[in-house]
Every structure is written in C-alpha cells, then in structure tokens.
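**Student:** please work out how this folds:
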Amino acid sequence: MTSTAQAPKSGAAPAHPEHLGRVVFIAAAAAMGGFLFGYDSSVINGAVEAIRDRYDIGSAALAQVIAIALIGCAIGAATAGRIADRIGRIRCMQISAVLFTVSAVGSALPFALYDLAFWRVVGGFAIGMASVIGPAYIAEVAPAEYRGRLGSFQQAAIVIGIAVSQLVNWGLLNAADGDQRGRILGLEAWQVMLGVMVIPAVIYGLLSFAIPESPRYLISVGKHEQAREILAEVEGKDVDFDVRIAEIEHGMNSEHKSSFKDLLGGSFFFKPIVWIGIGLSVFQQFVGINVAFYYSSTLWQSVGVDPTDSFFYSFTTSIINIVGTVIAMLLVDRVGRKPLALVGSVGMVIGLALEAWAFSFHLVDGKLPATQGWIALIAAHIFVLFFALSWGVVVWVFLGEMFPNKIRAAALGVAAAAQWIANWAITASFPSLADWNLSVTYVIYTAFAALSIPFVLKYVKETKGKALEEMG
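**Tutor:** Numbering: from 1, shown residues only. Prediction:
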C-alpha cells in the first residue's frame, strides 16, 4: 500500500543547544529500560550454583529455570508494540517497571522452585517489553540530527546493566564471605542478588513520570496540542508546528503495515532476505555468547576457580563487553557492518578454539593446569571482546536496515523471535552439554563462529551508506 499524497515540507528545525540537555535526559531515562534488560538478563549468573544446591536439582532442571525467562522475553517483545500503540509509550514503560519490581521481589523470596521459575517469566516479559519500547520511544522523540547517537543509548545501557549486575553480585558474595548461600540481611546471598534489582526498577518507574509521551503517539490519538508542547520541548520553539504535525501524520498514513503473509515466497517458505535475517540472529546466539553472561561464574567454578574470583572474572568480562560495544559504535558507520562482522567472527573463532583446547585438559586437584587456566581466562575475554565489537551491535544494525520497507516490521519481528528461540536453545542446553564434555561444547560454538564467515561473505550485503528505500 502506498500513498499518492505529496509529503509536506519538513517543519523541523535544527535542535538548539539549550534543548539538547533535556533531550539527552529523556533518552537516558528511556534507556533505563535497557539497563534493566541487561541487569535482569545476567544477574542470575550469581545465583546459579546456589539454586542448584538449595533445591537439589540436576543440570537439566537448572537450565530450564535459567532459560524459562526467555519465554517471557519472547511474549513481552511480541506484545509490547501493540500495548504501546493502545495505551502509549510511557504507560508501557511504567508497566514494565512494575513487572521488573514484582519479579525482583518474587525472585528474592521464592517459596519453591516453580515459584522462582514463575517470577523469572514475569521478569522476562518485562525484558521483552523494554527491548522494544525503549528504542522505539527514543527514535520518536529524538531530533533527527541526534537520533543515531541517542538511539545508541539503549545498547550502551544494556551492557552497563550487565556489568553493574556482576559488580553487585561480586560485592554481595564478598559480604557473604564467598558463600552464595551465606546470610545477608536475613536472606541467602543469592536472594539478595536477585532482589537488589528493585532499586533500578523503581528508579525506572519514577523516571517515566519525568519524561513526556511520544508526540507521534499523541498525534495518532488526536492530541495535537500536547504533541505541539512536546515538540517544542525537544525540537525547539522555532519549529513550524502545523507543518511538523502534518509531516508526522503523512508519515504514519503512508506506512505499509506489514504482515506475516508479506514474508512468504521463495523456495523455502520465507523470502530469501528473511532467511538471511534469521541466519544472522541464529549465528549471533549459537556462538554461545549468553553462556558468558548466564553461566560464567559456574563455568569458572567448574574448572576449579574460587567462587569469589569467578564472580570477579564475570565482572571483568562485562567490562570487556562495554569496551567492545563502544568500539563497535565508533566504527560501524566508518568501516561498515560487513567488515566488522567478519573481523568479529575471526576473533571469536580464535577465542572459542583456545577455550575448547584449554578445557580439554584433565583437572588436577579439581583445577585446570595453570597454563591452560590462564589461556582459558584470556580466551574468554578475547571472545567477548570480538563479539561485542561486531555481532553484538552489527546484527541489530543489519536487521534494522536490510529489509525492504514493505516487509521491514514483520521481518524484524520474525528475526527477533528467532534470536530469542536460539538464545533459549543455548541457555537451556549448556549445563547438560558442559556436564557431558565442556571442551566439545566449545568446539560446537567454535564451529558456528567459523560457519558465520562464509554465511556473511556469500549472503549478507553491506548496508552502510544506503537509503532504506534501496533495500531489497
């Protein structure tokens, strides 16, 4: 469906410096959902072994408790857009903040294993909502000339949230004398780790009352005067509001609302471009990146590292993740998406292969030999660095750009769903695979990293510098 109406001349004016501070605050407040996304996703890392011990469960059952949050993530991501269109972006953020808060309290005070699993699903739903509503809101509120940089706040907030969760876990473990089940404030340490998320969740909820509703949403429900006020707040008072509102309305009326049916075609059910998007999502997860964020402390303890040291290594890995993400943000528009993806794949193959080699050695007195232990630790940081500076950012850039306008929204939804499913598959399988053979597990991840190289070379086209209308 296309509109024959002529697009109105833009009424936007360059955002004035005096408005920039306010716009940055608005974007940062919205990105707090990304912080919680990262925090809630990885905080469970500090509780894995304590949950196994407290409820006396095997690796398969433990994996389901850890991975079940991803079911909530998928449902939250799938429904957030419709909820936001019905009740507004701010109300959607507030619902997400409440769910994060309730999940934190419930996870800290579970009655039984099934109860803990339920609160994990609730938290996952909040993660899914935050993963969709934050970037969408920032894109709708930010002035065009700052949209790219402000949009990067979401990814930066996610990796900071991961790092802070690992730092908090390490601090709490030290307070409990290195025992995940040691007592802090009348609770076991792992319960406090999960409960601390109440603090950023409440902050997120309070911040949502301090930022305006999206002018695009307000215009969609006929509240033009409120939209004018917010446009003046974020774009300046020199904007021609009548023209600007007409421009936004024209854009919404001209949009083709893509459906699942639009994706069908080609030899294998979906159109080839959709399969490429699914492939990018699956490769991003099948290299085992979330093992580093969900199970790293367990992994290091399994090869003889002291629990307190294992928590510290999880924190340093998170710092490397931030460094890599910053590098990607600086380079993605300079060197292109495809070169970064290829460099990242090569680096991941090296890091994962070294880990597989180190973990192939027999433990001596419950520990890896010193040389292999250090190589495993360094290789893990190499792997996370190369993932963060490439596939961690580039895949989302590709998915936002590579699809033709007509199918972009629906195709992005399918690719994102594939990513959650792949994430679940890796998260649910790792404990059992590690019990079977940790080295072979990392050989499998290495193989997927290696296969990603010919996949990118043959099927993925560079999108740097191309208009969205050129895609397809």
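**Student:** rest of the way, CA atoms for contacts and neighbours
**Tutor:** Noted.
**Student:** where along the stretch 151-300 of the chain do the strands fall?
**Tutor:** Counting by DSSP state E, counting those that start in this stretch, one finds strands in the stretch 151-300 of the chain at the ranges 183-184, 187-188, 264-268, 270.
**Student:** worst average pLDDT in those strands?
**Tutor:** Note on the strands of the stretch 151-300 of the chain: lowest mean pLDDT is at strand 264-268, with a mean of 69.
**Student:** which secondary element of the protein has the worst mean pLDDT?
**Tutor:** strand 264-268 (a mean of 69; mean pLDDT, DSSP states H and E).
**Student:** hang on, Met93 packs against Ile133?
**Tutor:** Yes - under the criterion of CA atoms under 8 Å, Met93 makes contact with Ile133 at 7.2 Å.
**Student:** roughly how far apart are Thr317 and Gly400?
**Tutor:** 27 Å (CA to CA, to the nearest Å).
**Student:** between the two, which has more neighbouring residues?
**Tutor:** Thr317 (26 against 16; other CA atoms under 10 Å).
**Student:** quick one, helices of the stretch 301-450 of the chain?
**Tutor:** 307-331, 337-359, 370-388, 391-401, 408-459 (DSSP state H, counting those that start in this stretch).
**Student:** which of these has the lowest mean pLDDT?
**Tutor:** helix 391-401 has the lowest average pLDDT among these, namely a mean of 82.
**Student:** C-alpha coordinates for that one, PDB please?
**Tutor:** Presented in PDB, the C-alpha positions along helix 391-401 are these (Å, rounded to 0.1, in the frame of the first residue of the first chain):
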ATOM      1  CA  TRP A 391      28.000  -9.200  16.200                       C
ATOM      2  CA  GLY A 392      26.600  -7.700  19.400                       C
ATOM      3  CA  VAL A 393      25.900  -4.400  17.600                       C
ATOM      4  CA  VAL A 394      26.100  -5.200  13.900                       C
ATOM      5  CA  VAL A 395      23.300  -7.700  13.800                       C
ATOM      6  CA  TRP A 396      20.800  -5.200  15.200                       C
ATOM      7  CA  VAL A 397      22.000  -2.600  12.700                       C
ATOM      8  CA  PHE A 398      21.700  -5.100   9.800                       C
ATOM      9  CA  LEU A 399      18.200  -6.100  11.000                       C
ATOM     10  CA  GLY A 400      17.000  -2.500  11.200                       C
ATOM     11  CA  GLU A 401      18.300  -1.700   7.700                       C
END
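**Student:** check what contacts that helix and list those residues.
**Tutor:** 155, 277, 280-281, 284, 325, 328-329, 332, 337, 340-341, 344-345, 408, 412, 415, 463, 468, 471 (CA atoms under 8 Å, 6 or more residues apart in numbering).
**Student:** which one of the strands of the stretch 151-300 of the chain lies nearest to Pro110?
**Tutor:** strand 187-188 (11.3 Å; CA to CA).
**Student:** tell me the strands beside that closest one, with direction?
**Tutor:** strand 183-184 (antiparallel) (DSSP bridges).
**Student:** which residues does the partner strand contact?
**Tutor:** Against strand 183-184 from outside (CA under 8 Å, 6+ apart): 175-176, 189, 192.
**Student:** what is the burial count for Ile375?
**Tutor:** Ile375: 17 neighbours (other CA under 10 Å).
**Student:** need the contact list for it.
**Tutor:** 354-355, 358.
**Student:** what's the neighbour count on the nearest residue to Ala30 once chain neighbours are set aside?
**Tutor:** By the measure of CA to CA, 6 or more residues apart in numbering, the closest residue to Ala30 outside its immediate chain neighbours is Gly134, 5.5 Å from it. Gly134 has 25 neighbouring residues, counting by other CA under 10 Å.
**Student:** helix or strand for Gly134, which one?
**Tutor:** helix 113-141 (DSSP states H and E).
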